[in-house]
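> sequence unavailable; structure follows:
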Ligand code: HEM
């Protein structure tokens, strides 16, 4: 009888050992194809990177839409988890749904330093080196803390009608 049981036990042992070893070393890198034309979030909740015009971005102010997005140096970040800062009653609510680049560079959250949805995208060309440095530091904070959900792009309709 032993001549049957011993090989079976040995096989089970080897099979379990293989599973344990492989599970510990398995890394799966998944590359996700992103279609910039598709909108914000899929049914499964996964984020899709897309383009936002200033007008579209302005909806994500934590009031009209619950999510809060902010643009910094051309990238759009989902800052919803910083609602205490950017939500309707937060100290930096002026940034919500807007390009905050100039405000961050100038260390100001005043509306005069935040572009409106109906203004051209700020090219930031007039910033001094110090302001640029300040903006770069803030950008590092946003990159580290919040997911990037897209790019800020000019509104073609707006450019045709108003410029
Ligand atoms: C009266 C002066 C100010 C005080 C006392 C103040 C205080 C604070 C505090 C306590 C935090 C949280 C820091 C942390 O989480 O570790 C913070 C974050 C922040 N502050 Fe201020 N702040 C002031 C002025 C400003 C100004 C003028 C700006 C405009 C650029 C600004 C923009 C921000 C931003 C963007 C954050 C990061 C929020 C985040 O984590 O998403 N603050 N501030």
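That came in fine, so what should we check first? In this text, all values refer to a predicted model and were calculated from it rather than measured experimentally.

> enumerate every residue touching the residue in the chain that the ligand sits nearest to.
Per Cβ to the nearest ligand atom, residue 82 is where the chain lies closest to the ligand, at 3.7 Å. For the C-beta atoms, the positions are set from N, CA and C on the backbone; glycine is no exception. Counting by Cβ atoms under 8 Å, 6 or more residues apart in numbering, residue 82 touches 68, 145, 146.

> nearest to residue 114 among those residues?
residue 68 (14.0 Å; Cβ to Cβ).

> I figured that closest one was touching residue 59, is that so?
No. Counting by Cβ atoms under 8 Å, residue 68 does not reach residue 59; the two are 10.5 Å apart.

> need the residues touching each of these two.
Counting by Cβ under 8 Å, 6+ apart, the contacts common to residue 68 and residue 59 are residue 97.

> which of the two has more neighbours?
Taking other Cβ atoms under 10 Å, residue 68 and residue 59 do not tie; residue 68 has more neighbours (26 against 14).

> number of residues surrounding residue 100?
26.

> identify the residue spatially nearest to it, adjacent ones excluded.
Distance criterion Cβ to Cβ, 6 or more residues apart in numbering; nearest residue to residue 100, sequence neighbours excluded, is residue 70 at 5.0 Å.

> how would you label that neighbour: helix, strand or coil?
strand (DSSP: H, G, I helix; E, B strand; the rest coil).
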